[in-house]
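*Asks:* A structural model of the following input is requested.
(one chain, ligands or ions: 2)
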Amino acid sequence: MNSSFFFTIVNVLTFLGVLGLAAQAFIGLSFFISSVWEKERRATVFAGVQFAGMTALLIIYLLLVGRGFFQTSPGMVVLIAGCIMVVLAAVFMVRKTAPNRRALRGTPGYIVGKVNRFDERMQVFARNRALSPGSEQYNEFYTDHPELEKYDSERRGRGGPLGKIGLIDRPHEGPNVAATLASLSIPFNLSAPGIVKPHSHPLLGDKKIHLSPEEATTRVKGYAKNIGADLVGIAEINPLWIYSHRGEIFHENWEDWGREIPTDHKYAVVVAEEMSLDMIGSAPHTPSVMESMKNYAKGAYISTQLAAFIANLGYEATANHLRHYTAILPPLAVDAGLGEVGRLGYLMTKEFGARIRLSAVTTNLPLIIDKPVDNGIEDFCKICKKCAACCPSQSITQDNEPKEFNGTLKWTLNDETCFGYWAKSGTDCCICMKVCPWSHARTFPHRLIVWLIARNKYVRRIFSVMDDIFYGRGPKPKVAPEWARFKN
Ligand code: SF4
Ligand code: SF4
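*Replies:* Numbers count the residues shown, from 1 in each chain. Ligands and ions are numbered 1, 2, ... in the order given. Model prediction:
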């Protein structure tokens with residue numbers, strides 16, 4: 001090898017070193033800017049230190065380049081060893097490790113025994129909202145389930161599963177409770193029987209508009225996004241995720257109570273909307289419940305219009321939203337490829353983590369289905385456990401592995417203690433959603449981290465620890481936007 005070739009190699013490596021260190025400093029700077037924007041004080045300090053460290057290293061390196069250090073024998077050794085280490089570290093972090101095969105199968109990957117369809121009458125909200133003491137349905141239900149009457153009567157005495165709304169922020173909760181109830185009125189108004197199960201518009205009559213499944217899918221997904229959906233996926237419905245019997249009644253349509261729910265729709269269009277980081281950041285205070293209700297209202301708006309659109313094409317469609325469910329949405333969302341269910345029991349997406357609300361439309365319109373995804377969430381949840389550590393009612397299990405419940409593997413949540421905390425705070429808490437490392441804003445550095453942890457199991461272990469360092473193991477509630485403040 002002649003010496004000019006050798007020096008060319010050294011010059012190229014020296015230049016790559018400048019690029020590598022500049023990239024590190026840029027990532028540190030972007031993390032610093034992101035943390036300031038996210039109003040994360042602790043992360044701002046750590047990101048600032050990281051940025052300053054990488055910038056100092058870059059300056060020292062440039063000084064050494066200027067003095068010709070890397071043209072000397074010891075300098076070349078340092079340079080070559082540094083380049084080898086950086087390349088090895090990059091390959092180690094970027095390569096794709098073995099996928100989670102059961103995640104890639106969607107919910108069937110987690111079915112390990114006999115699954116019984118869930119009766120909506122057993123659902124805690126249905127029990128507390130629909131059944132009035134003394135009514136025929138009340139007597140029938142608690143004759144069959146006497147063990148639940150004590151819990152439910154106590155809840156009714158406190159004002160329902162949410163207790164006295166806004167209790168945690170008294171005496172300054174008034175405006176936020178008013179806003180919460182304003183949003184909540186939308187799903188109620190959009191849950192009348194003719195709205196959730198629409199007929200085609202009289203101007204269109206019963207004529208079907210024939211579309212190929214490909215075109216129908218493009219139009220349905222495009223329409224859903226155009227009216228406000230952030231994510232849309234399509235699943236072939238597994239009937240196990242359809243409630244067996246109707247239990248929630250909002251419009252005095254009592255003939256529906258206890259009616260068997262048919263499983264005649266083949267497809268579910270599942271929709272997710274992002275929840276604001278600023279509002280969820282203040283969990284468990286009233287801005288977080290305002291944000292939940294705003295997104296339930298959006299879900300009602302999107303799902304009922306989408307159902308009407310499909311009905312106008314000449315097909316059956318049923319909207320599923322906060323005040324009308326025929327299906328359990330997280331498993332449908334998993335099968336529709338929107339994400340995986342995490343330790344905290346919510347759907348977790350690659351795009352927004354658990355910071356979403358779901359709604360859906362079931363239909364017999366032929367559509368093209370999406371494939372389930374593996375973003376490494378099951379593996380990450382096995383290591384992280386931050387939601388369990390921060391849950392004020394210890395409702396989230398710390399078990400390493402998901403366990404069998406009703407024939408499926410999952411991390412079970414203690415509903416009774418979780419709702420007990422809701423009643424104490426008068427909000428839907430959302431602490432688990434707020435502290436989850438997947439809930440961070442999707443700024444450049446967080447996108448890069450999500451990309452890496454979705455690919456590589458070793459990176460998951462590194463970033464689970466890093467999240468605790470940068471954000472703390474038990475983050476405190478953040479200050480809400482001025483218009484939603486809950487303290488004077
Ligand atoms: S906080 Fe951690 S353990 Fe809990 S759902 Fe999020 S990633 Fe999983
Ligand atoms: S909502 Fe709150 S109480 Fe319920 S599981 Fe999450 S952190 Fe725990």
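
*Asks:* Next, see if stretch 418-425 gets close to ligand 1.
*Replies:* No. For stretch 418-425, no contact with ligand 1 is found by CB under 6 Å from any ligand atom; the gap never falls below 13.7 Å. C-beta coordinates here come from the backbone N, C-alpha and C atoms, glycine included.

*Asks:* quick one: that stretch to chain centroid distance?
*Replies:* For stretch 418-425, the separation from the chain centroid amounts to 21 Å (computed by CA atoms, centre = their mean, to the nearest Å).

*Asks:* How about stretch 117-127?
*Replies:* 23 Å.

*Asks:* Show me where this protein has its strands.
*Replies:* Along the chain, counting by DSSP state E, strands occupy 231-236, 267-274, 317-320, 340-341, 347-348, 356-363, 403-405, 408-410.

*Asks:* thought Tyr325 was touching Gly247?
*Replies:* No. Counting by CB atoms under 8 Å, Tyr325 stays clear of Gly247, with 9.3 Å between them.

*Asks:* Show me whatever sits in contact with both of the two.
*Replies:* Common neighbours of Tyr325 and Gly247 (criterion: CB atoms under 8 Å, 6 or more residues apart in numbering): Glu120.

*Asks:* Phi first, then psi, for the closest residue to ligand 2 within the stretch 51-200 of the chain.
*Replies:* Of all residues in the stretch 51-200 of the chain, Pro161 sits closest to ligand 2, at 11.2 Å by CB to the nearest ligand atom. Main-chain dihedrals, Pro161, degrees, to the nearest 10: phi -60, psi -30.

*Asks:* for it, what are its contacts?
*Replies:* Applying CB under 8 Å, 6+ apart, the residues near Pro161 are Val124, Phe125, Asn128, Arg155, Phe419, Trp422, Ala423.

*Asks:* Adding mean pLDDT as columns, could you present the strands of the chain in TSV?
*Replies:* Listed next are the strands of the chain as TSV, based on pLDDT from 0 to 100:
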stretch	mean pLDDT
strand 231-236	98
strand 267-274	98
strand 317-320	98
strand 340-341	98
strand 347-348	97
strand 356-363	98
strand 403-405	96
strand 408-410	97
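
*Asks:* Between those strands, which one is closest to ligand 1.
*Replies:* strand 347-348 (6.3 Å).

*Asks:* re earlier: what about the residue of the stretch 51-200 of the chain closest to ligand 2, distance to Ser4?
*Replies:* Separation of Pro161 from Ser4 (CB to CB, to the nearest Å): 77 Å.

*Asks:* got it, and Lys294?
*Replies:* Taken as CB to CB, the span from Lys294 to Ser4 is 67 Å.

*Asks:* Neighbour count: the two, which is higher?
*Replies:* The neighbour comparison of Lys294 against Ser4 (other CB atoms under 10 Å) goes to Lys294, with 21 against 7.

*Asks:* Isn't the more buried one up against Ser183?
*Replies:* Yes. Counting by CB under 8 Å, Lys294 does reach Ser183; the two are 4.8 Å apart.

*Asks:* Show me what stretch 225-238 is in contact with.
*Replies:* Under the contact criterion CB under 8 Å, 6+ apart, stretch 225-238 has outside partners 106-108, 217, 220-221, 224, 263, 265-274, 298, 301-302, 305-306, 327, 331-333, 335-338, 349, 351-352, 356, 362, 367-370.

*Asks:* Could I have the buried ones of those as ChimeraX selection syntax?
*Replies:* Remark: buried members of the contacts of stretch 225-238, expressed as a ChimeraX selection using 16 or more other CB atoms under 10 Å:
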select :106,107,217,220,221,224,263,265,267,268,269,270,271,272,273,274,298,301,302,305,306,327,331,332,333,335,336,337,338,349,351,352,356,362,367,369,370
